[in-house]
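Peer 1: pasting the structure only:
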């Protein structure tokens, strides 16, 4: 998966990178991918920094300009070259160039806005260590940044808390609770990344917050990073697991051949929406509250959704609202009644979807009459989405499409436009589903008729 895709960037993002373990690599990978996104059309990506950059990193750009005043920025307006354009302060010494002030960055923002160009900012330094803790003056993130990516290098885990592996180890020790020289644990890293004076420091209130766990170059590190993601998601909108390779310097002619870069997983919150608003006309009575194995059908579905970690779990009620709510008493669910349930399933989809928080990466729609859905299946759908960011992930049993189905946030606007008695299947012709093979024939059984219910009771 490409890094720009994993970060869900549009064509003209305003992005800052902080932390350690691959910021500059990530900046230029994103820049190259955005240049390539234009598919041969002349394009420009602006990159800059509020911190020192090493002089050997300047060659990663197609063009480099020293900016000392707003005059140099104005000069670029009439002669802005194509490719990755790096804008920095003056030479500090043979090994470093300076970053730019926020005032000069505002001028660069005006240039980017006028041209509709991406603008990427490296906003602190780490002296090429895999881990760090910020100083009092760091990071310097412009207030107009829309996405902040906080990096950490997994190669530092298990290593001693010294300056060989951590930039500002004494500060890292104070934030993590470790003693200098002790092995750096995943828990200590999580504590530093979620600390308001470290990983969360200086991020504009409305910016999207993303952690990028880099250097996951072994199955062990990937598994460790995936476990860390669960702890970090309570503070960040997304957690990426990657092993980013240094991009090198590409000519404009070579940019179309740049290969994809390895992002292994994108962890985001996934919500569940239980559709329980129908009148069960074919069955003849409310089927959501029929008993199976001692509990109402809808309660089995809700238990599976909660055990799978979906959050929030929204229950859309309608014709039999009171009975459904009683069947789910004392469960940590969000209830919403659909007064227009007779207009068809599309109204329940839209109502449930609107209650998903803005940071939701995907939604799984579950049917109240499908009690044999398991937490394992739901986790399987989420894991496949984590690995692919596929627009639609659906189970397939013996070659047949089954429910429930996961929809990526990319599809939300179209789901909200559906009308009538139409579900998410209407989008299958536009977005090819990513099929998850599942070997459980019971998943094909929906309780639509009394005969279906008898079969369920016998299963």
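Peer 2: Looks like it arrived, so ask away. Note that this is a predicted model, so its numbers are computed, not measured.

Peer 1: Correct me if wrong, but residue 227 is in a strand.
Peer 2: No: using DSSP: H, G, I helix; E, B strand; the rest coil, the assignment for residue 227 is helix, not a strand.

Peer 1: Retrieve the pLDDT associated with it.
Peer 2: If you check residue 227, the pLDDT there is 95.

Peer 1: Which residue comes closest to it once chain neighbours are left out?
Peer 2: With sequence-adjacent residues excluded and distances taken as C-beta to C-beta, 6 or more residues apart in numbering, residue 227 is closest to residue 186, at 7.3 Å. Backbone N, C-alpha and C define where each C-beta goes, glycine included.

Peer 1: Enumerate every residue touching that neighbour.
Peer 2: 157, 224, 227-228 (C-beta atoms under 8 Å, 6 or more residues apart in numbering).

Peer 1: do that again at 7 Å, thanks
Peer 2: 157, 224, 228 (C-beta atoms under 7 Å, 6 or more residues apart in numbering).

Peer 1: Tell me which residues of the one helix or strand residue 452 maps to come out buried.
Peer 2: Using DSSP states H and E, residue 452 sits within helix 450-458. Under the neighbour-count criterion of 16 or more other C-beta atoms under 10 Å, helix 450-458 has 452-453, 456 buried.

Peer 1: Please apply the same query to stretch 95-112.
Peer 2: Residues 96-100, 104-105, 107-109, 111-112 are the ones in stretch 95-112 that count as buried (16+ other C-beta under 10 Å).

Peer 1: try stretch 439-449
Peer 2: Buried, per 16+ other C-beta under 10 Å, within stretch 439-449: 443-445, 447.

Peer 1: and of these, the nearest to residue 83?
Peer 2: Nearest to residue 83, judged by C-beta to C-beta, of the buried residues of stretch 439-449 is residue 443 at 50.4 Å.

Peer 1: residues in contact with the residue nearest to the closest one when sequence neighbours are not counted?
Peer 2: Excluding the flanking residues, the one nearest residue 443 by C-beta to C-beta, 6+ apart is residue 402, at 4.7 Å. Neighbouring residues of residue 402 by C-beta under 7 Å, 6+ apart: 395-396, 438, 443-444.

Peer 1: Tell me the spacing between residue 402 and residue 120.
Peer 2: According to C-beta to C-beta, to the nearest Å, residue 402 and residue 120 sit 42 Å apart.

Peer 1: returning to that earlier point: got the contacts of residue 186 as JSON lines, with distance to residue 26 and neighbour count columns?
Peer 2: What follows is the contacts of residue 186, written out as JSON lines (distance: C-beta to C-beta, whole Å; neighbours: other C-beta atoms under 10 Å):
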{"residue": "157", "distance to residue 26": "19", "neighbour count": "22"}
{"residue": "224", "distance to residue 26": "20", "neighbour count": "19"}
{"residue": "228", "distance to residue 26": "18", "neighbour count": "23"}
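
Peer 1: Kindly provide the distance from the residue nearest to the spatial centre of the chain to residue 144.
Peer 2: Residue closest to the mean C-alpha point of the chain, counted by C-alpha atoms, centre = their mean, is residue 238 at 3.8 Å. Counting by C-beta to C-beta, the separation of residue 238 from residue 144 is 20 Å.

Peer 1: Make JSON lines out of the buried residues of helix 450-458 and add pLDDT and distance to residue 196.
Peer 2: Below are these laid out as JSON lines (pLDDT from 0 to 100; distance: C-beta to C-beta, whole Å):
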{"residue": "452", "pLDDT": "86", "distance to residue 196": "53"}
{"residue": "453", "pLDDT": "88", "distance to residue 196": "53"}
{"residue": "456", "pLDDT": "88", "distance to residue 196": "50"}
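
Peer 1: if I look at residue 307, how far off is residue 232?
Peer 2: Noted for residue 307: a distance of 21 Å to residue 232, by C-beta to C-beta.

Peer 1: Comparing these two, which shows the higher neighbour count?
Peer 2: For residue 307 and residue 232, the more surrounded residue by other C-beta atoms under 10 Å is residue 232, and the numbers stand at 23 against 13.

Peer 1: Any chance of the backbone angles for the more buried one?
Peer 2: phi -80, psi -30 (degrees, to the nearest 10).

Peer 1: my read: it touches residue 190, true?
Peer 2: Yes: look at residue 232 against residue 190 with C-beta atoms under 7 Å: they come within range, at 6.3 Å.

Peer 1: So the nearest residue to residue 320 once chain neighbours are set aside versus residue 336, what's the distance?
Peer 2: The shortest distance from residue 320 to any residue other than its chain neighbours is 3.9 Å, reached at residue 286 (C-beta to C-beta, 6+ apart). Distance, residue 286 to residue 336, using C-beta to C-beta: 18 Å.

Peer 1: Which of those two has more residues huddled nearby?
Peer 2: residue 286 (20 against 17).

Peer 1: The more buried one in helix, strand or coil?
Peer 2: Residue 286 - assigned by three-state DSSP - is coil.

Peer 1: so what pLDDT did it get?
Peer 2: 78.

Peer 1: And the strands in the stretch 351-459 of the chain, which stretches?
Peer 2: Taking DSSP state E, counting those that start in this stretch as the criterion, the stretch 351-459 of the chain carries its strands at 362-367, 392-397, 400-401, 405-408, 434-437.

Peer 1: quick one, which of those is nearest to residue 423?
Peer 2: Across the strands of the stretch 351-459 of the chain, closest to residue 423 is strand 362-367 (C-beta to C-beta), at 7.4 Å.

Peer 1: tell me what the closest one is packed against?
Peer 2: Here strand 362-367 touches strand 270-276, helix 375-388, strand 405-408, going by 3 or more C-beta pairs under 7 Å, 6 or more residues apart in numbering; DSSP states H and E.

Peer 1: any residues touching the shortest one, and which ones?
Peer 2: It refers to strand 405-408. Contact partners of strand 405-408, identified using C-beta under 7 Å, 6+ apart, comprise 362-365, 381, 385, 389-394, 415, 424.

Peer 1: Nearest to residue 80, out of these: which one, please.
Peer 2: Closest to residue 80, out of all of these and judged by C-beta to C-beta, is residue 389, at 31.9 Å.

Peer 1: for residue 410, what are its contacts?
Peer 2: Residue 410 makes contacts with residue 391, as judged by C-beta under 7 Å, 6+ apart.

Peer 1: No more questions from me, cheers.
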